[in-house]
Each structure stands twice: as structure tokens, then as C-alpha cells.
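Engineer: prediction below, plus the sequence it came from.
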Amino acid sequence: MAGKVGTRGCKKIRGAQIRDILDSKHNVLFDCDGVIWNGETVVAGAPEVVTLLKQQGKRVFFVTNNCTRPRENYVQKFSRLGFTDVVEEEIFSSAYCSAAYLRDVAKVQGKVFVIGCHGVQKELQDAGVPIVEDVSDGPDVSIYNFPLEPDVKAVLVGYDERFTFMKLAKACCYLKNSDCLFLATDPDPWHPLRGGRITPGSGSLTAALETASSRKATVIGKPSRFMFECIASQFDLDPARSLMIGDRLETDILFGANCGLDTMLTLTGVSTMEEAQQYRDSDASEKKDFVPDYVVETIGDFLQALED
């Protein structure tokens with residue numbers, strides 16, 4: 001393939017090498033957190049990179065496991081951080097894709113019990129997927145007598161800062177029915193916060209429910225192929241002409257490998273070059289798909305290649 005520097009070679013590149021790779025691609029998929037921003041701080045040069053890619057005829061998509069906000073709120077964040085040309089149709093979050101899966105693939109006929117925040121609930125509502133109303137249990141409600149909805153056909157787990165024992169218990173009861181689907185927005189175990197702290201991710205909550213219910217969740221977000229299929233169904237993407245750029249080896253890079261995309265690790269987020277090299281040098285074959293094809297310090301490195 002034109003512009004190919006190496007296959008799963010974990011090779012650090014810059015300048016003309018970046019240009020050669022981009023010349024061979026028509027579609028560029030970005031993760032968000034750790035790639036184009038960190039919290040409310042934009043990665044230097046990221047807005048200009050997105051604009052230049054589009055000006056040069058590339059199709060740009062944003063593929064995030066962060067399910068905390070609906071797509072319309074993502075558009076507002078892009079604008080707030082200086083991105084002037086990002087539209088809702090280019091944003092594919094695990095919340096949006098979970099709603100699409102329940103509506104278009106599972107064709108769920110009944111309600112969905114959601115462990116998740118506003119972003120998940122809003123995307124389900126926008127997709128016309130009915131959910132169990134999120135109401136606070138009264139003081140007399142206990143594990144022994146809490147009310148259950150009669151028509152729950154799926155349980156969906158996402159990031160939830162208000163996760164409780166009662167939510168876990170209700171989900172377990174619904175999943176006793178083998179016909180009730182068990183879905184997770186994403187498998188991310190934790191997320192970095194400012195000041196060196198972390199917060200448990202959707203994967204941690206899903207693991208609790210998997211243990212309690214003795215069932216395994218179907219994951220919708222990265223590294224599942226469904227997120228790419230969701231984009232491809234709307235935009236007819238050719239994997240061979242697509243590049244996935246992310247900061248997390250176990251989700252972003254594995255997602256790209258699972259979908260047949262070239263992959264690029266940027267070092268502005270979670271994973272390090274040393275971790276990528278350890279996977280590359282591992283004797284375990286299953287670790288090889290965690291190894292990126294290419295590595296850059298930051299997507300700001302694209303500027304020189306795009307402006308030449």
C-alpha cells in the first residue's frame with residue numbers, strides 16, 4: 001500500500017512520513033479524549049489539523065467511548081474548544097451507537113433498563129427507544145420489595161456517577177430472563193482526571209453486573225466492530241483507505257485492528273510508547289493487535305505535513 005511505513009511496527013513517524021500515510025487515506029477516524037483534547041483543554045493544533053484534513057478532501061469522523069453527553073452537546077464542546085467545522089453527523093459516541101444497535105440491529109420490542117448518565121438516556125430517547133424511567137426509590141424500598149417493570153427487554157450499562165447497589169440489583173433481576181439483552185456502551189475500565197486522579201469507567205460497572213448476573217455483556221463501543229459498521233452504513237467507508245488515531249492501545253488501536261484499519265497512537269493520552277513496545281515484543285499472539293502501525297507525539301505533528 002502506498003505510504004506504508006510498517007505493519008504493526010510501532011514506528012514513530014513525523015514530517016514527510018505522516019504526509020505519505022495521509023495521502024493514501026480518504027477517511028480519518030479520531031478518538032476524542034486524549035487525542036484532540038484532554039478534558040477542557042484542546043491539544044495544540046488539533047482544530048487546525050481537522051480543518052486542513054477537510055480542506056484536502058479527507059472525511060473526518062470522531063469515534064469516542066465517552067457516553068456522558070449526547071451528540072448535540074459534543075458539537076457544542078467542539079465549538080467551545082475552537083473547532084469551527086465539526087457537525088453532529090461526524091460524531092459517533094458509544095451512547096449514539098448503542099441506541100442505533102438497539103433500534104436497528106436488536107430491534108428491541110420493549111423497554112431498556114439503563115445504568116448510565118444523561119448522554120446514554122438522551123441518545124436512546126432520540127432514537128425512539130423506550131427506557132425505564134429513572135426515579136429515586138423511596139425510603140421504604142429495599143432489595144426485597146423494589147418494583148420491577150414488566151416489559152424490560154434489554155439492560156444497557158454505561159458510565160454512571162450515580163451507580164448504586166439498587167441499580168445493580170434491579171439489573172440482575174431483569175437479566176434473570178435469558179431473553180433480556182445485556183449490552184455495555186464500552187469496556188473502558190477507568191478514565192484519567194485532572195490532578196492525577198481517576199474515575200471508574202463503564203467497564204468497571206459492567207464487570208460488577210457480569211459477576212452478579214453470571215452473564216457476559218455485548219460491548220457496542222471500541223474495540224467492537226459495530227462502531228465502524230455504524231459509520232460505514234452511513235458513509236460507505238473502505239477500511240483499506242481509513243486510518244484510526246487513538247491514545248489507548250486496548251480500545252482505540254485494537255478497534256482499528258479488528259476493523260482492518262491502519263492505526264496510529266498519539267502520546268497525548270493514556271498509553272505510552274513503552275507499553276506499545278512491550279506489546280510488540282510480547283510472545284503472546286493475542287497482544288499483537290494492541291500494537292499500532294504508527295506513533296506520533298501529538299496530532300499537532302500533522303500540521304507541518306499538511307501545510308507543506
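Structural biologist: Good, I have the coordinates. Numbering: from 1, shown residues only.
Engineer: so Ile13 touches Asp262, yeah?
Structural biologist: No: look at Ile13 against Asp262 with Cβ atoms under 8 Å: they stay out of range, at 11.7 Å. C-beta: built from backbone N, CA, C; applies to glycine.
Engineer: more neighbours, these two?
Structural biologist: Asp262 (25 against 20; other Cβ atoms under 10 Å).
Engineer: which residues are in contact with the more buried one?
Structural biologist: Applying Cβ atoms under 8 Å, 6 or more residues apart in numbering, we find Asp262 in contact with 4, 21, 25, 242-244, 256, 293-294.
Engineer: shared neighbours of Ile13 and Asp262, which are they?
Structural biologist: Residues touching both Ile13 and Asp262 by Cβ under 8 Å, 6+ apart: 21, 294.
Engineer: can you tell me how far Val86 is from Ser142?
Structural biologist: Val86 sits 47 Å away from Ser142, taking Cβ to Cβ, to the nearest Å as the criterion.
Engineer: and those two? which has more neighbours close in?
Structural biologist: Higher neighbour count among Val86 and Ser142: Val86, with 21 against 10, using other Cβ under 10 Å.
Engineer: excluding sequence neighbours, find me the nearest residue to the more buried one.
Structural biologist: Among residues not flanking Val86 along the chain, Phe78 sits closest, at 4.1 Å (Cβ to Cβ, 6 or more residues apart in numbering).
Engineer: check which helix or strand covers the one you found.
Structural biologist: Assessed by DSSP states H and E, Phe78 sits inside helix 71-80.
Engineer: again, but for Leu29
Structural biologist: Taking DSSP H and E as the definition, one finds Leu29 inside strand 27-30.
Engineer: what ranges does the stretch 101-250 of the chain have for its strands?
Structural biologist: Taking DSSP state E, counting those that start in this stretch, the strands of the stretch 101-250 of the chain run over residues 111-115, 152-157, 181-184, 190-192, 198-200, 218-219, 242-246.
Engineer: ranges for the helices of the stretch 101-250 of the chain?
Structural biologist: Taking DSSP state H, counting those that start in this stretch as the criterion, the stretch 101-250 of the chain carries its helices at 118-126, 165-175, 202-213, 226-235.
Engineer: which one, of those helices, ends up nearest to Asp31?
Structural biologist: When the helices of the stretch 101-250 of the chain are compared by Cβ to Cβ, helix 226-235 sits nearest Asp31, at 10.9 Å.
Engineer: list the buried ones in the helix or strand where Gln17 lies?
Structural biologist: Using DSSP H and E, Gln17 sits in helix 16-23. Going by neighbour count (16 or more other Cβ atoms under 10 Å), the buried part of helix 16-23 is 17-19, 21-22.
Engineer: tabulate those (CSV), appending pLDDT.
Structural biologist: Converted to CSV, the buried residues of helix 16-23 look like this (pLDDT from 0 to 100):
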residue, pLDDT
Gln17, 95
Ile18, 96
Arg19, 95
Ile21, 96
Leu22, 96
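Engineer: ok, those vs Lys288, which is closest?
Structural biologist: Among the buried residues of helix 16-23, and counting by Cβ to Cβ, the member closest to Lys288 is Ile21, at 20.1 Å.
Engineer: now the closest one: how far from Gln304?
Structural biologist: Distance, Ile21 to Gln304, by Cβ to Cβ: 14 Å.
Engineer: and if you look at Asp126?
Structural biologist: Computed as Cβ to Cβ, the Asp126 to Gln304 distance reads 40 Å.
Engineer: quick check, distance from stretch 119-130 to the centre of its chain.
Structural biologist: For stretch 119-130, the gap between its own C-alpha mean and the chain's C-alpha mean amounts to 17 Å (Cα atoms, centre = their mean, to the nearest Å).
Engineer: what's the answer for stretch 15-22, then?
Structural biologist: The answer for stretch 15-22 is 26 Å, by Cα atoms, centre = their mean.
Engineer: please apply the same query to stretch 65-78.
Structural biologist: Counting by Cα atoms, centre = their mean, stretch 65-78 is centred 12 Å from the centre of its parent chain.
Engineer: how about residues contacting it?
Structural biologist: 31-33, 37, 62, 64, 86-88, 91, 93-96, 98, 116-120, 122-123, 126, 158-159, 185-188, 191, 202, 221-222, 251.
Engineer: what's the helix or strand bottoming out on mean pLDDT in the chain packed up against?
Structural biologist: Lowest on mean pLDDT, DSSP states H and E among the helices and strands of the chain sits strand 190-192, with a mean of 87. Here strand 190-192 touches strand 198-200, going by 3 or more Cβ pairs under 8 Å, 6 or more residues apart in numbering; DSSP states H and E.
Engineer: can you read off the pLDDT for Ser136?
Structural biologist: Looking at Ser136, its pLDDT is 72.
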